[in-house]
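K.L.:
Could you look at this predicted model? Sequence included:
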Amino acid sequence: MTVDYAPTLVALLFGLGFSCLFMALAVLFGPKRGGETKLSPFECGSDPIGSPRVRFSVKFYQVAILFLIFDIEAAFLYPWASQFRRLSCIGPMAGLSCLGTVTLFGFVEMLVFLGTLGVALAYVWRKRAIGWG
Amino acid sequence: MTSLLPLLSTAQVTPGEVEAPLGPQVAFWVLAALTVVGAMLAVTRRNLIGAVMSLVASFFGLAGLYLLLSAHFLAAIQVLVYAGGIMVLFVFVVMVLNQEEAEPWALRHVFGLALGVAAAVYLAVRLGQLLWAAGPGGGELASRLRIREGAPPQGYGTVAAIGDYFFTEFLFPFEAVSILLVIAVVGAVVLARTTVAKATTVYELPPGEVDLRQPQHDARDEVLGVLGHHAQAANRPGGGH
Amino acid sequence: MSFDLEDLRRTAPLLLLSAAGLVLLLLEAFSRVRLIGRHYHKKLPPETSEAYAVPLAGSRTYLMPLTVLFLAAALGLVVWLWPEAAEPHYLYRRMLVLDRFGLLLSGVCITAAAIGALGAPAYLREQRMEFGEYYALLLLSLAGMVMLVSAADLVSLLLGVETMSLGAYVLTGSWRRSPRSSEAAMKYFLMGAFVSAILLYGIALIYGSTGTTELAEVRAHLSEMRSAPVFYLGMFFLLAGLAFKIAAVPFHMWAPDVYEGAPTPVTGFMMAAVKTAAFGGLIRLCVGGLTSGRVPEVSTGPTGWVNVLFVLSALSMTLGNLAALRQENIKRLLAYSSIAHAGYLLVGVVALGVVGDAARAPLIYYLLGYAVTVVGAMAVVAALAMGPGQERLPIEQWAGLGQRHPAMALAMTLFLLSLGGFPPTAGFFGKFYLFRAALQNPSLLLLVLLAIVNSLVSVYYYLRIVTAMYFRTPQEEEVEGHVPAAQGALRLAVLLAALLVLGLGVWPGWAATVAEAAKLAG
């Protein structure tokens, strides 16, 4: 039910409120001694002002895609883990324990999935696609 | 439009009564507005980073709508994968691919533009008809959409319920997705590979030879093409990286 | 949880292709690299060898034979399952179906891919773009095609389309040094991604209106969908998505650029295998999911899919042929010809809706004939490349080939005659068989007449190449000292394709019998 999300909403509001509050406090009470050096980025990436159309190495892009693919792989693991006992049991269940026959079905199906992506990972590793080398 | 509400929120609806409680109604409209406005800004903003950020807002709105529909797991994945991973990817794409201001090539031809506008108008009219035909209460439409009335079953949309579907009913698609992901991995490695063609490699052609990589045909074969067939990259001499 | 191990046996070709793809990927990544670049530099004239001394990716020469071996094994499994598939078996909770239709189309795709793979190494080496992932991508993409042609559910249909297309996008863009190839891949991918969204939207709408994604169940619900706008919208979206994959007008815009920009063996693979598989998916959707004797208006009604495909068919063959008439580049010409052939093939799909099952065998026969023909034609184009980055694309460069490369010119003539529909080739009997089946219903007379007129028009541009090869003298000399890429395997590929084209044309009986037996489930 939608009411169940009330705590989430409260947390969201608190988060927003606090960040706004601290920003406001900083603006109000913080010392203001600006200058050229103060405005320059220090160990936090490139100059934020200027043309956004800077050319990045395609490597960034590649790493991002690879991250995304394995991110999706991980997302599949959650529902599997929550159903693992059910999937490994033929017959009735009492709570979490299986009253029927225990099978490897749940284990094997994820093994096949992970094995396939394991091949991809081995390939990526071997091709040195996740480094800058 | 209000008539569609009971179909879209999870509120308890008895067959006779169509008004959903106020909470979900307000939430639905706010999230729907966020989603649609975010998506519209994403395609209209000239500033690409701004466009991408609008898309993030749209993704969050969509995640909220999933929550309203009791699809908890889907909402979490929406935030994790789309608002997280895919947005990173988009930012990279924006930064990697737009070194120069170029005309959007898909709309270079008036014909293509006209076709797109016509298709959009047609779609809008069809959807309008659909909503109009639905009438108050979503009556006929609701029956055609096979909407299950009332609250969703216990545990609907949770991680466990999704798991139950994935690993029994949809086991084959689940395993097939792994093949799809492997191709995506290989594609990323193959297409971003830099060792095959060194950036400095320039083709030198034997004297008197025509460089076949340059365009040799003119606009004559554009009888049908909605797209121009050579982006600017194709005309750059010695390109190919 | 129960699981039927029989299902694994019944999807043996699919499992073999996927596993083989993964094995090739591991081999590519883990076996020792042998750089073969220098060997080829020696054959170039001394003054150019420095310019061509491009660092090559190492490649293993055994990858191609291994791929062909795997493909032959997959074909063997298809034959092995053939008797069993006389009765349809639903697999994996009715996600896939094993029937003879799916098996035969899988066989066509595998054959086309095998012929294409035979010719690939010579071309890739010549163009300095060898990479081992080529074969892995080929096999995995093929696995997607097998999924697509045996889909019994919209979910597996979509997954098949995606797996197939993703492989094709990467292969299209794999010629890293050619800007054309990158551009083609970019266009193909962007539009393909958009089309995937449309397909998904269509599936969602159909699921929303019928409450199921299973094709047989969708069909069972058709009577409630008589006038449901949501359902029709979903159907149109699905048709549009698949029309994009088969390159039918007006969803063809990508085809000329992509077919031209892709490496030539990949172009052959896409024209033959991707098109066959996409037609397989379209037939599954239209016949398996959207045709019911009790509810004729969904198929033959004013907004039924038959009318939609009727229009697409007429547009594709007419506009495809008109555009092909003006092409000077052989790959673009064959690309537009491929659009026109999508139109002819759609006549068959329309006939399936109007005439019924009688049009199935001719359609399958046509698909088989077209697939081997284009794969052969592309193998010839690949064999006649004149050096790195220099394919023989403008038609004037084909002048005088009859004397210089008589065997290749003869094979190309055969393929072009087959595309134009001359006896005694596969193309002739395919057209005859298909149009005859369509004419069983007089309402298709107009469409068939249009197709015949179009076939006659197309003869002009096919014969233009033949005339150039035999009756015109070459304008300029070829690169001195160049060794044509046509090596054993590439010649074998051309020969195989030529034999198949000729065999299908001279003895059409056996293929027609097999196609006749290839019944659709449901």
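P.N.:
Perfect, I can see it now.
K.L.:
Does chain B have contacts with stretch C:131-147?
P.N.:
Yes - using CB under 8 Å from any CB of the partner chain, stretch C:131-147 reaches chain B at C:131, C:133, C:136, C:137, C:140, C:141, C:143, C:144, C:147. All C-beta atoms are positioned from the backbone trio N, CA, C, and that covers glycine.
K.L.:
low-confidence ranges in chain A?
P.N.:
A:1-4, A:39-57, A:132-133 (pLDDT under 70).
K.L.:
Scan the residues of stretch C:131-147 next to chain B and report the most crowded one.
P.N.:
The most neighbours of any of the residues of stretch C:131-147 next to chain B, using other CB atoms under 10 Å in any protein chain shown, belong to residue C:147, which has 33 neighbours.
K.L.:
Same list, the residues of stretch C:131-147 next to chain B, but as TSV with distance to residue B:46 please.
P.N.:
Formatted as TSV, the residues of stretch C:131-147 next to chain B follow (distance: CB to CB, whole Å):
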residue	distance to residue B:46
C:131	39
C:133	38
C:136	41
C:137	37
C:140	40
C:141	38
C:143	43
C:144	38
C:147	42
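K.L.:
In terms of distance to residue C:358, which of these ranks first?
P.N.:
Checking those against residue C:358 with CB to CB, the nearest one is residue C:147 at 27.8 Å.
K.L.:
Contacts only, for that closest one.
P.N.:
When contacts are counted by CB atoms under 8 Å, 6 or more residues apart in numbering or on different chains, residue C:147 touches B:176, C:14, C:96, C:156, C:159, C:160, C:163, C:164.
K.L.:
Which of the residues of stretch C:131-147 next to chain B fall in strands?
P.N.:
Among the residues of stretch C:131-147 next to chain B, no member is found in strands (DSSP state E).
K.L.:
got TSV for those, with pLDDT too?
P.N.:
Formatted as TSV, the residues of stretch C:131-147 next to chain B follow (pLDDT from 0 to 100):
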residue	pLDDT
C:131	83
C:133	90
C:136	95
C:137	96
C:140	97
C:141	97
C:143	97
C:144	97
C:147	97
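K.L.:
Filter these down to the ones in helices?
P.N.:
Judged by DSSP state H, the residues of stretch C:131-147 next to chain B include C:133, C:136, C:137, C:140, C:141, C:143, C:144, C:147 as members of helices.
K.L.:
element containing the closest residue to the fifth one other than its chain neighbours, please.
P.N.:
By that I understand residue C:141. Spatial nearest neighbour of residue C:141, chain neighbours left out: residue C:167 (2.7 Å); criterion: CB to CB, 6 or more residues apart in numbering or on different chains. Using DSSP states H and E, residue C:167 sits in helix C:154-172.
K.L.:
Please compute how far that helix lies from its chain's middle.
P.N.:
Chain-centre distance of helix C:154-172: 13 Å, with CA atoms, centre = their mean, to the nearest Å.
K.L.:
Going by proximity to chain C, name the top residue of chain A.
P.N.:
As assessed by CB to the nearest CB, chain C sits closest to residue A:126 within chain A, at 3.9 Å.
K.L.:
Can you read off the pLDDT for residue C:223?
P.N.:
You'll see residue C:223 listed with a pLDDT of 86.
K.L.:
can you check residue B:134 too?
P.N.:
pLDDT, read off for residue B:134, is 61.
K.L.:
same check, this time on residue B:225
P.N.:
pLDDT, read off for residue B:225, is 32.
K.L.:
One more: residue B:155?
P.N.:
Reported pLDDT for residue B:155: 76.
K.L.:
go on, residue B:163?
P.N.:
For residue B:163, the model assigns a pLDDT of 87.
K.L.:
For chain C, see how far away it is.
P.N.:
From residue B:163 over to chain C the distance is 11 Å, taken as CB to the nearest CB, to the nearest Å.
K.L.:
That residue: what's it in contact with?
P.N.:
A:78, A:79, A:80, A:81, A:82, A:83.
K.L.:
which phi and psi does the first one have?
P.N.:
What that stands for is residue A:78. The phi/psi pair for residue A:78 (degrees, to the nearest 10) reads phi -60, psi -60.
K.L.:
Number of residues surrounding it?
P.N.:
Counted with other CB under 10 Å, the neighbours of residue A:78 add up to 17.
K.L.:
Break down chain A into its helices, ranges please.
P.N.:
Using DSSP H, helices in chain A cover A:6-29, A:36-39, A:58-87, A:105-126.
K.L.:
Need these in JSON lines (columns: distance to chain B).
P.N.:
Output for these, formatted as JSON lines (distance: least, CB to the nearest CB, whole Å):
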{"stretch": "helix A:6-29", "distance to chain B": "8"}
{"stretch": "helix A:36-39", "distance to chain B": "20"}
{"stretch": "helix A:58-87", "distance to chain B": "3"}
{"stretch": "helix A:105-126", "distance to chain B": "4"}
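K.L.:
Dump these to JSON lines, plus distance to residue C:237.
P.N.:
What follows is the helices of chain A, written out as JSON lines (distance: least, CB to CB, whole Å):
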{"stretch": "helix A:6-29", "distance to residue C:237": "35"}
{"stretch": "helix A:36-39", "distance to residue C:237": "52"}
{"stretch": "helix A:58-87", "distance to residue C:237": "25"}
{"stretch": "helix A:105-126", "distance to residue C:237": "30"}
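K.L.:
quick revisit: and the contacts of residue C:147, which two are furthest apart?
P.N.:
Once CB to CB is applied, those give C:96 and C:164 as the farthest pair, at 14.7 Å.
K.L.:
Between these two, tell me which one has more neighbours.
P.N.:
residue C:164 (29 against 26).
K.L.:
Who's the closest spatial neighbour of that one, skipping the chain neighbours?
P.N.:
Leaving aside its chain neighbours, residue C:164 sits nearest to residue C:144 (3.5 Å; criterion: CB to CB, 6+ apart).
K.L.:
you'd agree the one you found is up against residue C:160?
P.N.:
Yes - taking contacts as CB atoms under 8 Å, residue C:144 lies within contact range of residue C:160: 5.1 Å.
K.L.:
Overlap in contacts, these two.
P.N.:
Residues within reach of residue C:144 and of residue C:160 at once, by CB under 8 Å, 6+ apart, are residue C:277.
K.L.:
Please consider this matter closed, and thank you.
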